[in-house]
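A.B. asks: okay, here's the prediction I keep looking at, along with the sequence it came from:
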Amino acid sequence: MRRRTGFQTVAGNPTLVGAVTVLIVMVAVFLAYNANTGLPFVPTYKITAQVPDGTALVDYNEVRVGGNRVGVVESVRPFQLENGRTGARLDLKLDQRIKPVPIDSTVVIRTKSTLGLKYVELVLGDSEEGYAEGAVMPLSAATPEPVDLDRFFGMFDERTREAIDLNLIEFSKAFAGRGAQLNQAFAELPMMLRYAYPVARLLADPTTDFGGFWRALSATSAELAPVAETQASMFVAMDTTFAAFARVARPYIQETIIKSPPTLDTAIETLPVMRPFLRSSAAFFRELGPGVRVLAQTAPTLADALEIGVPVLNATPKLNEQLPPTGQALVDFQEAPGVVDGLNLLIKTNNLLGPPARYLAPAQTTCNYFSLLFRSFANIGSDGDGIGHWLRFIAFAPPGDNPQSFESRPYEEYPNNVGVHAGAPADGPAANNHLHYNPYPYTAAPGQPFACEAGNEHYARGQTVIGNTSGPFTTVTARQLEGMTELPRIKP
């Protein structure tokens, strides 16, 4: 009875009941207010994550794993990246049940709603090693880079929207009035898919590296991006070009397309046959190249030859009329007795005369010595008077000692005399009193300098020279001196 009376006393006290109710409400409000930051007296696991961009992320945003809430972002702090930009450090307060987070885990900031609310998603890895309490996840773990909704809608700027409108209009024009063709295409689509299945299976095979193709295509697009405006102008120009083609599409281009297959078939048949001819033509033009380069220098001479050759060619019919009887006469001469033996003897004679002729011929063809010899021999007695002719000669008084005492002194005492016997070749004492004698002068023969030395020797003052001189040489003889102001010189 007393205990019941006490309970009734407490329950019947309005002041005490109100105070208890206010206390319970205050505790509930406190717990509700701190629910986002974690319940009090509950142990947590704290790590730090680095991300390149923490835009629109605020304190106490959720941290989720697989869609489940596992903690909150306790604070967001900026820090300096290596490239000079500013990143964000996220202090995460996580539940103990996911401790430790594997070190190969990644973190990404995702959009929670269209209003811009964000949350942090942890993608746990498979590593047996995990982050310790207070550890820092590296910036490389912040992958992939998220794409915000505002950035997505930012792609649709005014130019892009106008282009989309234009595409829709043009596509609508392309499909307008083509319902029957579309129905036929849809009817044949299963057949195409039947054949597309092995193609798709081949493309899905890792050995085809179809992904590498798209990566290469992406790299190509990245290379072409800087010249996008140039390509755009190229497409505009192509529109003008194709518009010009449209005016000649029928019948010219149409006939070209129709006749191209038989033309290609003919080319397939004839090109292998033509290949040897083309190969020989290439070799011919290769060999012809040096002659063509020289032709530019010889063109004036050829032009003169053609001008002179035209009258000659006009006279060739008469020559052609005389060639048959002449040729027949040569044939008869060849068949005559003794001709072959005579030709053989002539060949032997030429073989015998060939070596000396090679040495004697330059004396005439280059130096004109034989002509000068016969001319001088013919003129040796050309001078005279009414009584008769006399022999032409000239006497030189050789330098030396007193010629009046030659008979009274032995020749050993006259070493510098060139007129009588002397003990040695003349060698002074004057600079112009030295012997010069050359029994075998150069005649431009094989093995000799290209020179005509006889009659062109140069006197070396103060030197005794016996034999060939040291040059310089020349090939000019007395017959060729007319009209020359300076003699050409040839080095030995």
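C.D. replies: Structure's in. What do you need?
A.B. asks: give me the mean pLDDT for the top helix by length along the chain.
C.D. replies: The helix that spans the most residues within the chain, counting by DSSP state H, is helix 254-335. Averaging pLDDT along helix 254-335 gives 86.
A.B. asks: beyond it, next helix or strand please.
C.D. replies: helix 339-365 (DSSP states H and E).
A.B. asks: ok and that following helix relative to helix 254-335, angle-wise?
C.D. replies: Direction vectors for helix 339-365 and helix 254-335, defined by axes from the mean of the first three to the mean of the last three CA atoms, to 10 degrees, enclose an angle of 100 degrees.
A.B. asks: helix 339-365: which residues count as buried?
C.D. replies: Buried residues in helix 339-365, counted by 16 or more other CB atoms under 10 Å: Pro362, Ala363. For the C-beta atoms, the positions are set from N, CA and C on the backbone; glycine is no exception.
A.B. asks: now it: average pLDDT?
C.D. replies: 86.
A.B. asks: helices or strands up against that helix?
C.D. replies: helix 369-378 (3 or more CB pairs under 8 Å, 6 or more residues apart in numbering; DSSP states H and E).
A.B. asks: lowest average confidence, helix or strand, in the chain?
C.D. replies: Counting by mean pLDDT, DSSP states H and E, the weakest-scoring helix or strand in the chain turns out to be helix 2-11, with a mean of 52.
A.B. asks: for the protein, give me the ranges with low pLDDT.
C.D. replies: Within the chain, the segments meeting pLDDT under 70 span 1-13, 15-20, 22, 25-42, 114-116, 145-153, 386, 388-389, 392-424, 478-492.
A.B. asks: show me the domain layout of it.
C.D. replies: Annotated domains of the chain cover 1-33, 43-154, 358-381+393-492 [automatic domain parsing].
A.B. asks: please, where are all the strands along the chain?
C.D. replies: 44-51, 62-65, 68-80, 86-95, 106-111, 118-123, 136-137, 436-437, 465-466 (DSSP state E).
A.B. asks: so which of these gets nearest Ser376?
C.D. replies: strand 436-437 (20.5 Å; CB to CB).
A.B. asks: returning to that earlier point: any chance of the strands of the chain in a markdown table, plus distance to Gly289 and mean neighbour count?
C.D. replies: Below are the strands of the chain laid out as a markdown table (distance: least, CB to CB, whole Å; neighbours: other CB atoms under 10 Å):
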| stretch | distance to Gly289 | mean neighbour count |
| --- | --- | --- |
| strand 44-51 | 69 | 20 |
| strand 62-65 | 78 | 19 |
| strand 68-80 | 68 | 15 |
| strand 86-95 | 67 | 18 |
| strand 106-111 | 67 | 18 |
| strand 118-123 | 70 | 20 |
| strand 136-137 | 72 | 18 |
| strand 436-437 | 54 | 14 |
| strand 465-466 | 52 | 14 |
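A.B. asks: these: which one's closest to Asp165?
C.D. replies: Using CB to CB, the strands of the chain put strand 106-111 closest to Asp165, at 27.9 Å.
A.B. asks: that closest one pairs with which strands, parallel or anti?
C.D. replies: Strand pairing for strand 106-111, using DSSP bridges, gives strand 118-123 (antiparallel).
A.B. asks: so what's the residue count around Ala187?
C.D. replies: Residues near Ala187, counting by other CB atoms under 10 Å, number 9.
A.B. asks: same question for the one 3 residues further on.
C.D. replies: Other residues within reach of Pro190 by the criterion other CB under 10 Å amount to 8.
A.B. asks: over to Val292?
C.D. replies: Look at Val292: counted by other CB under 10 Å, it has 9 neighbours.
A.B. asks: what does the one 4 residues further on give?
C.D. replies: Summarising burial for Ala296: neighbours were counted as other CB under 10 Å, giving 8.
A.B. asks: tell me which residues touch it, please.
C.D. replies: Not one residue lies near Ala296 by CB atoms under 8 Å, 6 or more residues apart in numbering.
A.B. asks: do I have it right that Gly467 meets Asn438?
C.D. replies: Yes. With contact defined as CB atoms under 8 Å, Gly467 reaches Asn438; the gap is 6.0 Å.
A.B. asks: so these two - more neighbours on which side?
C.D. replies: Asn438 (14 against 10).
A.B. asks: for the stretch 101-250 of the chain, just list every one of the helices.
C.D. replies: 149-154, 158-175, 179-204, 210-224, 228-247 (DSSP state H, counting those that start in this stretch).
A.B. asks: okay if I get the ones you listed as JSON lines plus distance to Lys318?
C.D. replies: Formatted as JSON lines, the helices of the stretch 101-250 of the chain follow (distance: least, CB to CB, whole Å):
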{"stretch": "helix 149-154", "distance to Lys318": "97"}
{"stretch": "helix 158-175", "distance to Lys318": "82"}
{"stretch": "helix 179-204", "distance to Lys318": "81"}
{"stretch": "helix 210-224", "distance to Lys318": "76"}
{"stretch": "helix 228-247", "distance to Lys318": "62"}
